[in-house]
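Trainee: With the input below, show me the fold.
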Amino acid sequence: MKAADVRALSADQLNDELAKLKKEQFNLRFQKATGQLEKSSRITEVRKDIARIKTIARQKAAEAKA
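Mentor: Now for the predicted structure:
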């Protein structure tokens, strides 16, 4: 997910997307532990997407206060 796509989302949509990604991250960790993970690079992608969403959500919250 690109930063421009994330910036276009509303605060509620960001929270929904964040919850979805955290659930996916949880499932990927279980797949890795059981040896069923096929694409290990997806773990890194999900982690970066989570960080990107959290960063942009924080920026939007700061802009709303200012």
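Trainee: For the spatially most central residue of the chain, which non-adjacent residue is spatially closest?
Mentor: Nearest residue to the geometric centre of the chain (C-alpha atoms, centre = their mean): I50, 2.6 Å. Ranked by C-beta to C-beta, 6 or more residues apart in numbering and with sequence neighbours excluded, the top spatial neighbour of I50 is L21, at 5.1 Å. For every residue, glycine as well, the C-beta is placed using N, CA and C.
Trainee: What's the local residue count around that neighbour?
Mentor: Residues near L21, counting by other C-beta atoms under 10 Å, number 20.
Trainee: so R58 is in which element?
Mentor: For R58, the host element (DSSP states H and E) is helix 41-65.
Trainee: Tell me the secondary structure at R29.
Mentor: Under DSSP: H, G, I helix; E, B strand; the rest coil, R29 falls in the helix class.
Trainee: check contacts around it.
Mentor: Counting by C-beta atoms under 8 Å, 6 or more residues apart in numbering, R29 touches I43.
Trainee: residue contacts, S40?
Mentor: Neighbour list for S40: K32 [criterion: C-beta under 8 Å, 6+ apart].
Trainee: Just the pLDDT for it.
Mentor: Per-residue pLDDT puts S40 at 95.
Trainee: measure it to R29 for me?
Mentor: S40 is 11 Å from R29, where distance means C-beta to C-beta, to the nearest Å.
Trainee: can you check G35 too?
Mentor: G35 is 12 Å from R29, where distance means C-beta to C-beta.
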